[in-house]
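In: take this sequence and fold it.
(one chain, ligands or ions: 1)
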Amino acid sequence: MRFDVVTLFPEMILESSSYGVTGTAIEKKVVGLSVWNPRDYTHDRHRTVDDRPYGGGPGMVMKCQPLCDAVDDAKLKNKNTDYKVIYLSPQGRQITQELLVEASQYSQLILVAGRYEGIDERFIDAVCDEEWSLGDYVISGGELAALVVIDSITRLIPGVLGDEDSAQQDSHMNGLLDTPHYTRPEKGELGAVPNVLLSGNHKAIERWRMKQALGRTALKRPDLLKAKELSAEQDALLKEFRNEVHESD
Ligand code: 9D3
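Out: Sure thing, here's the model as predicted:
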């Protein structure tokens, strides 16, 4: 996977991607990351990337030409034709794990991060294949969204995560919330670890964890549970969880 980010703040992308899982994947060259600053594609002495909006109104709009030339340069970096140009914007489709899994199949993602009020609509229509959003809240530009995409897709690339994490990822993508986690001490000021986790009975532990995942999803994210088909065993576990919750009322 190659990520090419078109941004007025390239250091923000490079610096933030140098940590942890993404940092290691870039070092190992499992993923490629390059940044393209529209300002480097201007030709005037002030290196102008924005201008006033036609029709009036507040704020500035990013000009087409520097963005087009930056994207063209990013495309030259890749011999493959299976790329997508994605504009991160508040008007976009909300990013989900499903969307990211699908996008991870491409060999190059060109991520366009906007600043100011936005980008000239003609660039979006002519150059961008998709428009993605983080959700219904306002942030100051597309860079943080591009970083979310880079991080989450990098984790999906085979070999990037260790085996343990990959298994955990599977369970996170099964449509349920995660099970609770505990580490030492066994008993502390904040309470004790559930006995079953100390039992060494792997079958019972697995059963308990599934019950917790089902129960927590029912309590915290009923929308996720509604979208999911439960097996007969899961149905029974969820009923058990609900009975146990009522007992402590
Ligand atoms: C005053 C007009 N604003 C409406 C609330 C428009 C506006 C323009 C530009 C709002 C935000 C931005 C910058 N945001 C992004 O570039 C962005 C974003 C976001 O704000 N929310 C969720 N996902 C994303 S992806 C890119």
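In: what's the longest strand in the protein?
Out: Looking across the chain with DSSP state E, the single longest strand is strand 83-94.
In: contact partners for the closest residue to Leu144 other than its chain neighbours?
Out: With sequence-adjacent residues excluded and distances taken as C-beta to C-beta, 6 or more residues apart in numbering, Leu144 is closest to Leu134, at 7.4 Å. In this view, the C-beta of every residue, glycine as well, is placed from N, C-alpha and C. Residues near Leu134 by C-beta atoms under 8 Å, 6 or more residues apart in numbering: Leu88, Gln94, Ile95, Leu144, Ala145, Val148.
In: go on, Leu224?
Out: Gly175, Leu176, Leu177, Thr217.
In: quick check, pLDDT for Ser248.
Out: Looking at Ser248, its pLDDT is 56.
In: separation between the residue nearest to Leu144 and Pro90?
Out: 9 Å (C-beta to C-beta, to the nearest Å).
In: how much space between the residue nearest to Leu144 and the ligand?
Out: Counting by C-beta to the nearest ligand atom, to the nearest Å, the separation of Leu134 from the ligand is 4 Å.
In: Val30 now?
Out: Counting by C-beta to the nearest ligand atom, the gap from Val30 to the ligand is 25 Å.
In: so that residue sits against Gly159, correct?
Out: Yes - using C-beta atoms under 8 Å, Val30 is in contact with Gly159, at 6.4 Å.
In: in terms of secondary structure, what does the lengthiest helix in the chain contact?
Out: The single longest helix within the chain, with elements called by DSSP state H, is helix 202-220. Packing partners of helix 202-220 (3 or more C-beta pairs under 8 Å, 6 or more residues apart in numbering; DSSP states H and E): helix 222-226, helix 232-247.
In: related to what we said a few turns ago, of the contacts of Leu134, which pair is most distant in space?
Out: Gln94 and Leu144 (14.8 Å; C-beta to C-beta).
In: pretty sure Val112 sits in a strand.
Out: Yes - under DSSP: H, G, I helix; E, B strand; the rest coil, Val112 falls within a strand.
In: next, count neighbours for Ala167.
Out: 11 (other C-beta atoms under 10 Å).
In: if I look at it, how far off is the ligand?
Out: Counting by C-beta to the nearest ligand atom - Ala167 and the ligand are separated by 31 Å.
In: oh, and call the first residue 272 from now on, that's how I've got it
Out: Happy to do that; since the first residue is 272 now, the last one works out to Ala438.
In: so that residue sits in a strand?
Out: No - looking at Ala438 with three-state DSSP, it is helix, so not inside a strand.
In: quick one: the helices in the chain, in order.
Out: So, for the chain - with DSSP H - the helices run 281-287, 291-298, 335-347, 368-374, 392-398, 414-425, 434-443, 473-491, 493-497, 503-518.
In: pick the most buried one from these.
Out: Comparing the helices of the chain by mean neighbour count (mean count of other C-beta atoms under 10 Å), helix 414-425 ranks first with a mean of 21.
In: check which helices and strands that one sits against.
Out: Helix 414-425 packs on strand 273-277, helix 281-287, helix 291-298, strand 354-365, helix 368-374, strand 379-384, strand 401-404, going by 3+ C-beta pairs under 8 Å, 6+ apart.
In: need these in JSON lines with mean pLDDT, can you?
Out: Converted to JSON lines, the helices and strands packed on helix 414-425 look like this (pLDDT from 0 to 100):
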{"stretch": "strand 273-277", "mean pLDDT": "98"}
{"stretch": "helix 281-287", "mean pLDDT": "99"}
{"stretch": "helix 291-298", "mean pLDDT": "98"}
{"stretch": "strand 354-365", "mean pLDDT": "98"}
{"stretch": "helix 368-374", "mean pLDDT": "98"}
{"stretch": "strand 379-384", "mean pLDDT": "98"}
{"stretch": "strand 401-404", "mean pLDDT": "98"}
